[in-house]
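Chemist: below are the sequence and a predicted model; questions follow.
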Amino acid sequence: MLLIIITLLVNLFIETSESFTVVVPGDPVEAHVGSSVILSCWISPPENAEALEIRWYRHDFNNPVLLYNHGKIQDIQDELYRKRSSLSLRSDQSGGLKDGDVSLRLEKLRVQDDGSFRCYVSGENAYGSEEVLLKIMALGSTPVLVPQPLDDERMNISCRSSGWHPKPSVTWTSDDGGVLRPGGSSHSREEDRMFSVHSWIAISRSDAQLVSCSLSIGTGEFKESRIDVQAFFSSGPWKALFFTFLVFTLLGLVGLILYRYRHKLTGKKAADENGPNGFHTNTDPPVKLSLTPRPERLGVLLDYDDGQLSFYNVTERKHLLTISSRFSGSVVPLFNPGAGDESPLTILDCPEPVESAAESIQPFLSNNSSDV
């Protein structure tokens with residue numbers, strides 16, 4: 001009789017020690033494309049999980065993201081997560097498996113990782129599972145604004161950007177902070193499951209001086225571009241558009257890339273830096289320039305009708321270079337201070353006219369054989 005009671009007590013103790021609850025955070029986990037993330041999961045009350053089966057999976061129980069059993073990681077695994085998944089500590093204070101921490105670490109996140117992951121833990125006499133929601137975020141490209149004159153003396157401003165996840169919201173604002181109503185917006189999903197966006201708005205001369213197009217996702221992150229629409233009204237359609245900007249960086253100056261939009265944006269780089277005082281054109285053949293003193297204010301003159309793009313040292317009032325080409329379709333100026341350069345670049349108001357290209361003895365580059 002005593003033996004039976006002892007046996008029952010031992011069995012009760014074993015069952016109690018293996019009775020647990022799987023616990024996960026209540027809120028979705030957010031992470032960016034290309035980063036790493038930990039999906040927290042643990043058992044309560046805490047106990048050693050080294051002898052338990054730990055299975056992380058998505059849609060197919062038999063094709064796990066990660067499977068731990070018999071004291072080690074098993075080779076059975078979804079190929080999408082091979083070499084990208086591992087068991088990890090959910091915090092610096094965690095004791096790992098010995099403390100019941102069965103959290104999953106994912107590396108090199110992709111848009112395809114967006115969605116739910118299930119944490120399943122099983123012992124001889126108990127099991128449980130809970131779901132963790134992972135939201136993948138991707139901050140897209142800086143919007144490209146393209147002005148186009150309309151027949152009714154208004155200006156249509158087009159805003160395009162790509163590489164977003166989830167679908168971004170679009171906001172147009174004027175220089176006084178007022179929200180402008182767009183003419184329309186459209187989103188499309190690319191093969192990589194990223195979103196591209198195209199929005200447009202028609203502006204009259206009296207509506208605003210500056211117009212901004214801002215794209216944002218739920219994290220509060222955003223990208224914004226701004227355009228001086230009055231400059232285009234005063235200049236006329238694509239005739240002699242002149243930009244000047246102040247460069248604060250010591251080594252990196254600016255490249256001007258001309259884009260045209262057909263099915264995709266393609267570009268030609270017109271001028272770039274080659275050393276602290278040297279510059280060259282990315283043309284065939286390239287033209288190298290030695291600029292002393294190094295320009296701090298660079299002017300860019302686009303004469304669309306005559307097919308000429310000219311660069312000027314605004315401070316010295318000197319012409320630096322003119323490139324001749326044939327333009328077709330919309331042409332968009334993109335000012336880029338250089339990869340990895342965090343110094344500010346400022347677009348200034350147009351100054352008084354500088355020395356014309358014809359009066360300069362600086363190089364003139366004819367490239368009539370190419371279309372932009």
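Modeler: Everything's here; your move. Numbering: from 1, shown residues only.

Chemist: pull up the pairing partners for the helix or strand encompassing residue 31, direction included.
Modeler: Element membership for residue 31 (DSSP states H and E) is strand 29-32. Strand pairing for strand 29-32, using DSSP bridges, gives strand 127-137 (parallel).

Chemist: who touches the strand holding residue 31?
Modeler: Residues from elsewhere that reach strand 29-32 (CB atoms under 8 Å, 6 or more residues apart in numbering): 37, 39-40, 109, 132-139, 219. Placement of C-beta: from N, CA and C, glycine included.

Chemist: likewise for stretch 162-170?
Modeler: With CB under 8 Å, 6+ apart, stretch 162-170 has contacts from 33, 111, 114, 135-141, 159, 161, 182, 185, 187, 190, 193-197, 199, 213-218.

Chemist: give me the low-pLDDT residue ranges for the stretch 1-150 of the chain?
Modeler: In the predicted model, the stretch 1-150 of the chain carries pLDDT under 70 at residues 1-18.

Chemist: and with 50 instead?
Modeler: 1-17 (pLDDT under 50).

Chemist: that one: strands as residue ranges?
Modeler: Secondary structure of the stretch 1-150 of the chain (DSSP state E, counting those that start in this stretch): strands at 21-23, 29-32, 37-39, 42-44, 53-57, 66-69, 72-73, 85-88, 103-106, 115-122, 127-137, 144-149.

Chemist: on that earlier part again, which ChimeraX command selects the buried ones in the contacts of stretch 162-170?
Modeler: Selecting the buried subset of the contacts of stretch 162-170 in ChimeraX, with 16 or more other CB atoms under 10 Å as the burial test, is done by:
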select :33,111,114,135,136,137,138,139,140,159,161,182,194,195,196,197,199,213,214,215,216,217
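
Chemist: of the contacts of stretch 162-170, which belong to helices?
Modeler: For these, not one is inside helices, with DSSP state H as the criterion.

Chemist: what ranges does the chain have for its helices?
Modeler: Using DSSP H, the helices assigned to the chain run over residues 2-17, 229-235.

Chemist: model confidence over the shortest one, on average?
Modeler: If you average the pLDDT over helix 229-235, you get 69.

Chemist: residues in a beta bridge with residue 227, which ones?
Modeler: Here residue 227, judged by DSSP bridges, has bridge partners residue 211.

Chemist: one more: residue 170?
Modeler: residue 215.

Chemist: would you mind confirming that residue 311 makes contact with residue 300?
Modeler: Yes - contact criterion CB atoms under 8 Å: residue 311 and residue 300 qualify, at 6.0 Å.
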